[in-house]
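Peer 1: A predicted structure for the sequence below; I have some questions about it.
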Amino acid sequence: MSITIRLKENEEWIDFDVPTEWKDMSVSYWAELTGIINSHQEQNKLQKSHYEEKYEGDGGLDKILGDIDIVDDIRLNGEIFKFLSGLSKEDMKKVDMDQVTKVINTLGILTEEYKPTGARSFEFEDETYYFPSEMLKKNTYGDFIESTQLDTTIENMKNGRYDVLPEQMAILCRRIGEEYDEDLIPAKTEKFKNLKMDSVMEFAFFFDQSKHQVAESFQHVFGEKNKSMMEVKTRGLYNAYIKPFGWLNSLYVLAEKGVFKIEGKNGIDSVKDTNLYKVLTYLSWITAKNEYESKVSEKISNPNKVS
């Protein structure tokens, strides 16, 4: 539940609600709030780095860094309070810092770790949406790459993950009988930005665990073993040109080879509509086969080499 804070400002009372639980906040609200915090932490890091270089070896450096943290905490609390209350910058100048501290202290949620309940569905706008199947066993390869590709994109952009969760849920969470429709994902994503954070966190834990289980089941595909010798020798070029495409690399290769071709569909859609485990099993076999052939070739070329 939320709590209502009442402040007296210019002889007038101002009321605003402060969320105290995950279910009190939408994902867009939480993303904005954590964005404020992350921005301040980055600024604090840069400022301290500047003084560490400037006063390296100075006996008073620790005090300078400590003072920076104190000032930054006050500034951050003010920014969070401004966000929660909706007060203007001018009105914020009139607010007593004791009031700010009191409000910030109610935000235990900022320091509490979310504890998943094991939910596999959520209610939204009077409808029930279900998480994907356990370990994604009933999902398509398209489901997997469309959702995990977002993680790759965000990693490349160096942003927080909360930005992608509504879209990942739009791709993977469906009502009974609902089919995946790429054209509807943008509108569904916009709606899901209003999801409450308890539903979003449940999905995040479920999806992370599912991806880990899939990776454990197909180590040839996800581990270092799936790196070819050419890829290892040219790692710099690979990281620069190929790696940013993530799972799209395997999609394009399989489509180009015509693997999993479905009548009436092009190569890419055919692969995307194939069961995830069927595709990963094939990729595991190809990886193992290539590794075996490489070992045999190396043995023939260097018969005296101890492997």
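Peer 2: Yes, it's here. Numbering: from 1, shown residues only.

Peer 1: Enumerate every residue touching the nearest residue to G258 once chain neighbours are set aside.
Peer 2: What sits nearest to G258 in space, not counting adjacent residues and going by CB to CB, 6 or more residues apart in numbering, is G267, at 6.1 Å. Yep, even glycine has a C-beta here, placed from its N, CA and C like the rest. Each residue near G267 by CB atoms under 8 Å, 6 or more residues apart in numbering is listed here: 254-256, 258, 261.

Peer 1: what's the lengthiest helix in the chain packed up against?
Peer 2: Ordering each helix of the chain by length in residues (DSSP state H) puts helix 27-54 first. Applying 3 or more CB pairs under 8 Å, 6 or more residues apart in numbering; DSSP states H and E, one finds that helix 27-54 makes contact with helix 61-85, helix 165-172, helix 197-217.

Peer 1: where are the low-confidence patches of the stretch 201-307 of the chain?
Peer 2: 224-244, 305-307 (pLDDT under 70).

Peer 1: one more time with 80, if that's ok
Peer 2: For the stretch 201-307 of the chain, the stretches with pLDDT under 80 are 223-245, 303-307.

Peer 1: rewinding a little: roughly how far is the longest helix of the chain from the heart of the chain?
Peer 2: Relative to the chain's own centre, helix 27-54 is displaced by 18 Å; criterion: CA atoms, centre = their mean, to the nearest Å.

Peer 1: Please apply the same query to stretch 204-218.
Peer 2: Stretch 204-218 sits 14 Å away from the centroid of its parent chain (CA atoms, centre = their mean).

Peer 1: Tell me the buried residues in that stretch?
Peer 2: By neighbour count on 16 or more other CB atoms under 10 Å, the buried set for stretch 204-218 is 204-207, 210-211, 214, 218.

Peer 1: what's it in contact with?
Peer 2: Contacts for stretch 204-218 (CB under 8 Å, 6+ apart): 114, 116, 120, 131-132, 134-136, 144, 147-148, 161, 165, 168, 172, 222-223, 276, 280-281, 283-284.

Peer 1: Let's see the PyMOL selection covering just the buried ones among those.
Peer 2: Per 16+ other CB under 10 Å, the buried members of the contacts of stretch 204-218 correspond to this PyMOL selection:
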select buried, resi 131+132+135+136+144+147+148+165+168+172+222+276+280+283+284
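
Peer 1: Just the ones of the contacts of stretch 204-218 in helices?
Peer 2: If you go by DSSP H, the contacts of stretch 204-218 have 144, 147-148, 165, 168, 172, 222, 276, 280-281, 283-284 in helices.

Peer 1: Name the SS class of K138, please.
Peer 2: coil (DSSP: H, G, I helix; E, B strand; the rest coil).

Peer 1: Can you give me the separation between it and T148?
Peer 2: Using CB to CB, to the nearest Å, K138 is found at 16 Å from T148.

Peer 1: if I pick N275, what's in contact with it?
Peer 2: For N275, the contact set (CB under 8 Å, 6+ apart) comprises 138-141.

Peer 1: May I ask which of the contacts of G267 has the most neighbours?
Peer 2: Neighbour counts for those (other CB atoms under 10 Å) peak at L254, which has 23 neighbours.
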